[in-house]
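>>> 3D model of this:
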Amino acid sequence: MTLHPQAQAVLDLLNAAPTQLKELPPAEARAAYDRFILPRNFDPVSLGKVEDRMIHGPAGELRVRIYTPEGASGPRPVFLFIHGGGFVIGSIESRDPQCRLICRDVGCIVISVDYRLAPEDPFPAAPDDCWATLQWCADNATALGGDSARIAVGGESAGGNLAAGLARRARDSGGPALAAQILVYPLTDMYFEQNLPSYKYLDEDYFLTREQMAWYCECYAPGVTRTDDVLLSPCKEENLSGLPPAQIITAEFDPLRDDGKRYGERMAEAGVPVEYTCISGMIHGYWHYGKLIDAASEALQLNIDALNRAFSPTT
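Numbers count the residues shown, from 1 in each chain. Below is the predicted model:
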């Protein structure tokens, strides 16, 4: 396949930026990133209730945004969503439209976490914050109108890394039991140690470059260039059995394509149900350009369908 014209158009817009994100101070990079995404993402849909709340985290208070569907009655399933952005940028706000659509179309409570970002708060701040949030979700599901027996986790890119880590951590900690893990172009091999074919795209012009990844990594885990830490690189986990069912969606021209694919293959080999889809002609990040890229709707609908299946009562 060739690069889809819609992906090329977004890539052209990204390349037209006067300053690369990695050349900006972190706070300015975050603001620039959100300014670019927000007007190009889906329009936010109305819900029964959307509220920000502060919860107790490992280093102080953490902000979460709680989305509740219209006419919520009876315990609703709960989906913990973790935004991407290389552990350095990204926000609740820039993925707010996706969380709203998932909440509405799955009929679940969605909780999006504002975890600490690097370089101000390097590894393991992000996974520790996400773990604390998952525990809070389980402990407070009933009070929120949710069902503590039907919790799923998910995220895109760096958020997929953190969601995969939560699935493993929950398994090894004896809970909470998870109904699914939803991973959109996840980073599971932090330092590209598997030498997979799609890594060649790091040296080409498909948005996620080797220089960009080096910046993320140096901010997140300064001085580290390889690792056996499964919280940094979930692919380093030797035992992938007993993990929750996974949906993995990648993009054809994404350096992380084969990272996600291989992680899914290894989970399947370990007996985990895995649904894998690679979206043709797409680049990394397409998921949050709902107004510009039709495949964003396609991928989000796949996420919604997977969550509906995961949360459906078994017969």
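
>>> regarding the residue minimising distance to the centre of the chain, which helix or strand does it belong to?
What sits nearest the mean C-alpha location of the chain, by C-alpha atoms, centre = their mean, is residue 155, with 1.8 Å. For residue 155, the host element (DSSP states H and E) is strand 146-156.

>>> parallel or antiparallel, list what pairs with that strand.
Paired strands of strand 146-156, with direction, are strand 76-82 (parallel), strand 180-184 (parallel) (DSSP bridges).

>>> okay, buried residues for the following helix or strand past the shortest one please.
Which is strand 180-184. Remark: after strand 180-184, the chain's next helix or strand is helix 210-220, criterion DSSP H and E. Buried residues in helix 210-220, counted by 16 or more other C-beta atoms under 10 Å: 212-213, 215-220. For the C-beta atoms, the positions are set from N, CA and C on the backbone; glycine is no exception.

>>> what's the answer for stretch 26-36, then?
Buried-residue list, stretch 26-36, by 16+ other C-beta under 10 Å: 26, 29-30, 32-34, 36.

>>> among the residues you listed, show me the least confident.
Sorting those by pLDDT puts residue 26 at the bottom of the list (92).

>>> do you know how far that residue is from residue 248?
29 Å (C-beta to C-beta, to the nearest Å).

>>> what does residue 247 show for phi and psi?
According to degrees, to the nearest 10, the main-chain angles of residue 247 amount to phi -110, psi 130.

>>> hmm, I was thinking of residue 306
phi -70, psi -40.

>>> where's the residue nearest to it when sequence neighbours are not counted relative to residue 272, distance?
Spatial nearest neighbour of residue 306, excluding adjacent residues (C-beta to C-beta, 6 or more residues apart in numbering): residue 247 at 4.1 Å. Per C-beta to C-beta, residue 247 is found 11 Å from residue 272.

>>> more neighbours: which of those two?
residue 247 (24 against 18; other C-beta atoms under 10 Å).

>>> I'd say the more buried one and residue 273 touch.
No - using C-beta atoms under 8 Å, residue 247 is not in contact with residue 273, being 9.4 Å away.

>>> thinking again about what came up before, which pair of the buried residues of helix 210-220 spans the longest distance?
Farthest apart among these by C-beta to C-beta are 212 and 220. That separation is 12.6 Å.

>>> shared neighbours of these two, anything?
Common neighbours of residue 212 and residue 220 (criterion: C-beta atoms under 8 Å, 6 or more residues apart in numbering): residue 86.

>>> phi, psi of residue 124?
Torsion angles, degrees, to the nearest 10, at residue 124: phi -100, psi 30.

>>> relative to residue 165, how far out is it?
10 Å.
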